[in-house]
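Engineer: Following is a predicted model, sequence given first.
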Amino acid sequence: MRTRTCLALVVAGACLGACSALPDPPAPVPSSVLAPVAAPTTPADLSPDGFDDAHRATVRLLSIRCGELATGTGFAIDAHTLVTARHVVGDAREVRLSTYDGHDLTSSGSATAPDADLAIVSTDATLPASLPLADADPQVGDAVHVIGYPKGDALTVTTGHVTGERKDPLDVNADPVLVADATVEPGSSGSPVLDDADAVVGVVYAKGTNDTTFFVPVSTLRAMLDDEDSLVPTTACD
Amino acid sequence: MATDAGSAPGPPPDESRPPAPVHRARRRWPTSARVTVTLLAVALVAAVTAGALVTARLLDTNQRWQDSSEQWEALAREHGEQASEATSEAEQLKADLDETKRQLATAKKRITALADEKAKLGDKAATSQASSDAEARLSQAATDVTTALGRCVDGERQLLTYVEDADRYAADDVARYRDDVEKLCAAAADANDALQSALGS
């Protein structure tokens, strides 16, 4: 009897020991081991037609004066306000606007800054997009992009760097202006000078020699916008 | 030779009778050996039993792992097919996206070119309108000059008749009329100067 008990214990112990050394049975196989796929999302700032805001906000100006026509560039800073150069809209009997995609807009008035080659043009229709103003002027060496309608031709982007600051050689700006090596042409006046984040850091007003560009810094533009009472409504030529 | 003096001598051994079997003494194993053998036997039985049980468990476990392996392989093949299809689909989508990007770039260039063409047409229209306006202004100026000169000539003729027949008119009236005629002619001259200036610009 005792032997049988011992035998049972030994067998049980051996079985337990051996079984504990065996691997456990496999876990059930899942139906899928694929990681969940994130739902596709659409960027909130996606352009409706493939053009970025810099293109959509830049407008071509045709200034009709007494006996001559001139083209220039402007850019939207809000839904109904454009910024351009003073000499583009000064003395104009009529200013015609057209957008990057050929839509015509009507100007409802314009006003010029007294001591800077800057002007604002108001529109009745809503502008397609607007550009933010940078918080500070660019520094020498900063990359800049100029988008506009050189010679009144198609919308074009040129790039360069800020090369310096100097007194305005044309004496139309009371404050110092900035110089860049981006290429511009007549008709580029009023073009926005943008930084890498597409924020406005200046406004083109003149072309220098050796493909240099003179532009009014954004600080001057901000000062003009902050002092709207100083703006002078544009008077048409006789 | 010594003998047992107290007992009678027994009969002599019968040589013809077979000898009685000799009982050999049974040799018993020592207790320790028996215990050892017993334990070994028990151990053997236990080992055989445990081996059988473990073997059965081992076979069962092996079968389960084999089943699991087959299921995993099937799942892997299914996912492999899905991955292959997804890769193929992604490649196709990427190709479509590249083509769409090219088409978008072309469309943007075309939109920009059309906007430029439209703007140029607008420039021409504005130029034509400005020319038309200038021509209209010139025409009007020429008409004004013609009218002013005509009035000047008429006045001069009338003044001449007054002068030729001066006795019939008061001198003050003739002088006043002369002044008026001179003003008309001066206005005609100014209009002509303006016309010439406009034509020259």
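Structural biologist: Perfect, thanks for sending it.
Engineer: Can you give me the domain boundaries for chain A?
Structural biologist: A:53-130, A:143-223 (automatic domain parsing).
Engineer: Quick one, which of those gets closest to B:K108.
Structural biologist: Closest to B:K108 of the domains of chain A is domain A:53-130 (CB to CB; 8.4 Å). For the C-beta atoms, the positions are set from N, CA and C on the backbone; glycine is no exception.
Engineer: For that closest one, what is the distance to the chain centroid?
Structural biologist: Taking CA atoms, centre = their mean, to the nearest Å, one finds domain A:53-130 lying 18 Å from the centre of the chain it belongs to.
Engineer: Stretch B:189-201 now?
Structural biologist: Distance of stretch B:189-201 from the chain centroid (CA atoms, centre = their mean) equals 67 Å.
Engineer: Report the buried residues of it.
Structural biologist: Within stretch B:189-201, the residues that qualify as buried are B:A191, B:N192, B:L195, counting by 16 or more other CB atoms under 10 Å in any protein chain shown.
Engineer: near chain A, from the residues you listed?
Structural biologist: Here nothing survives when the buried residues of stretch B:189-201 are matched to chain A using CB under 8 Å from any CB of the partner chain.
Engineer: right, and the secondary structure at the residue nearest the centre of chain A would be what?
Structural biologist: Nearest residue to the geometric centre of chain A (CA atoms, centre = their mean): A:D198, 2.8 Å. Three-state secondary structure (criterion: DSSP: H, G, I helix; E, B strand; the rest coil) places A:D198 in coil.
Engineer: From the contact counts, what lies against the helix of greatest length in chain B?
Structural biologist: Counting by DSSP state H, the longest helix found in chain B is helix B:31-164. With contacts taken as 3 or more CB pairs under 8 Å, 6 or more residues apart in numbering or on different chains; DSSP states H and E, helix B:31-164 sits against helix A:2-21, strand A:58-65, strand A:68-78, strand A:94-98, helix B:171-200.
Engineer: Pick the most buried one from those.
Structural biologist: Of all those, strand A:58-65 has the most neighbours on average by mean count of other CB atoms under 10 Å in any protein chain shown, namely a mean of 25.
Engineer: mean confidence score for it?
Structural biologist: Taken as a whole, strand A:58-65 has a mean pLDDT of 94.
Engineer: Next, the angle from the lowest-mean-pLDDT helix or strand in chain B to helix B:31-164.
Structural biologist: Ranking every helix and strand in chain B by mean pLDDT, DSSP states H and E puts helix B:171-200 at the bottom, with a mean of 86. Interaxial angle, helix B:171-200 versus helix B:31-164 (axes from the mean of the first three to the mean of the last three CA atoms, to 10 degrees): 150 degrees.
Engineer: gap between helix B:171-200 and the chain center?
Structural biologist: 79 Å.
Engineer: what about the spatially most central residue of chain B, distance to B:A194?
Structural biologist: Geometric centre of chain B, nearest residue: B:L97, 8.4 Å, by CA atoms, centre = their mean. Separation of B:L97 from B:A194 (CB to CB, to the nearest Å) stands at 66 Å.
Engineer: So what's the residue count around B:W65?
Structural biologist: 14 (other CB atoms under 10 Å in any protein chain shown).
Engineer: Over to B:K124?
Structural biologist: 11.
Engineer: all helices for chain A, in order.
Structural biologist: A:2-21, A:53-56, A:86-89, A:218-226.
Engineer: Using PDB, write down the CA coordinates of the last one.
Structural biologist: What follows is helix A:218-226, C-alpha atoms only, in PDB (Å, rounded to 0.1, in the frame of the first residue of the first chain):
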ATOM      1  CA  VAL A 218       7.600  96.400 -43.400                       C
ATOM      2  CA  SER A 219       8.100  98.700 -40.400                       C
ATOM      3  CA  THR A 220       7.400 101.700 -42.600                       C
ATOM      4  CA  LEU A 221       4.400  99.900 -44.100                       C
ATOM      5  CA  ARG A 222       3.100  99.200 -40.600                       C
ATOM      6  CA  ALA A 223       3.600 102.800 -39.600                       C
ATOM      7  CA  MET A 224       1.600 103.900 -42.600                       C
ATOM      8  CA  LEU A 225      -1.200 101.500 -41.800                       C
ATOM      9  CA  ASP A 226      -1.200 102.600 -38.100                       C
END
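Engineer: Report the angle between that helix and strand A:68-78.
Structural biologist: 80 degrees.
Engineer: Now do helix A:218-226: which elements does it pack against?
Structural biologist: Using 3+ CB pairs under 8 Å, 6+ apart: helix A:218-226 touches strand A:200-207.
Engineer: Between helix A:218-226 and the strand it packs on, find me the angle.
Structural biologist: Using the same axes, to 10 degrees, strand A:200-207 lies at 100 degrees relative to helix A:218-226.
Engineer: returning to what we had before: got the contact list for the residue nearest to the centre of chain A?
Structural biologist: The contact partners of A:D198, by CB atoms under 8 Å, 6 or more residues apart in numbering or on different chains, come to A:D52, A:D53, A:A54, A:L131, A:P132, A:H145.
Engineer: Tabulate these in a markdown table, adding columns for pLDDT, neighbour count and distance to B:V174.
Structural biologist: What follows is the contacts of A:D198, written out as a markdown table (pLDDT from 0 to 100; neighbours: other CB atoms under 10 Å in any protein chain shown; distance: CB to CB, whole Å):
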| residue | pLDDT | neighbour count | distance to B:V174 |
| --- | --- | --- | --- |
| A:D52 | 93 | 14 | 81 |
| A:D53 | 94 | 18 | 79 |
| A:A54 | 96 | 20 | 77 |
| A:L131 | 97 | 21 | 75 |
| A:P132 | 97 | 13 | 79 |
| A:H145 | 97 | 19 | 79 |
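Engineer: could I get these as CSV with distance to chain B?
Structural biologist: Listed next are the contacts of A:D198 as CSV, based on distance: CB to the nearest CB, whole Å:
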residue, distance to chain B
A:D52, 10
A:D53, 14
A:A54, 13
A:L131, 18
A:P132, 23
A:H145, 16
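Engineer: Who are the contact partners of the nearest residue to B:A191 once chain neighbours are set aside?
Structural biologist: Nearest residue to B:A191, sequence neighbours excluded (CB to CB, 6 or more residues apart in numbering or on different chains): B:V145, at 4.4 Å. Taking CB under 8 Å, 6+ apart as the contact definition, B:V145 lies against B:A188, B:A191, B:N192, B:L195.
Engineer: what's the nearest residue to A:V140 if we skip its chain neighbours?
Structural biologist: Excluding its sequence neighbours, the residue lying closest to A:V140 (CB to CB, 6+ apart) is A:V162, at 5.3 Å.
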